[in-house]
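Chemist: Model the structure of this input:
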Amino acid sequence: MYSEEFGLIGNGVLLVLYALLIARGLMIAANAATVFARLLAVAIALMFFTYAFVNMGMVSGSFRWSACRCRFSPMAARRCSRCSSAPASS
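Modeler: Sure, this is the predicted structure:
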């Protein structure tokens, strides 16, 4: 919805804001007095990074929308029609 309304410039601004938020979290972590505060700040910054990275990957088509649970089972992968690593059986 945001992309449709604001276009490429708006998306660029949003990416810059996410980058600034993550950088600020890492700066807070670097200046933290205790180990707990440092780990907490890094965890919160990593949470924002993961959220943004996964959502951008899903929307752009770089990541799969649903995971194929049969990848680790060769027998199930041969029968699975969603799994792209093995051809579907006919």
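Chemist: Where does the residue most central in space within the chain fall, secondary structure wise?
Modeler: Closest residue to the average C-alpha location of the chain: residue 54 at 1.8 Å, with Cα atoms, centre = their mean. Per DSSP states H and E: residue 54 is located in helix 35-60.
Chemist: so what secondary structure elements neighbour that helix?
Modeler: Contacting helix 35-60 under the criterion 3 or more Cβ pairs under 8 Å, 6 or more residues apart in numbering; DSSP states H and E are the following elements: helix 2-30. The C-beta positions use only the backbone N, C-alpha and C, and glycine is treated the same way.
Chemist: Quick one: mean pLDDT for the helix it packs on?
Modeler: On average, the pLDDT along helix 2-30 is 89.
Chemist: Likewise for stretch 46-62?
Modeler: The average pLDDT within stretch 46-62 is 84.
Chemist: follow-up on the earlier one: what angle separates the helix holding residue 54 from helix 2-30?
Modeler: 160 degrees (axes from the mean of the first three to the mean of the last three Cα atoms, to 10 degrees).
Chemist: roughly how far is helix 35-60 from the heart of the chain?
Modeler: Relative to its parent chain, helix 35-60 has a centroid offset of 8 Å by Cα atoms, centre = their mean, to the nearest Å.
Chemist: likewise stretch 33-53?
Modeler: The answer for stretch 33-53 is 15 Å, by Cα atoms, centre = their mean.
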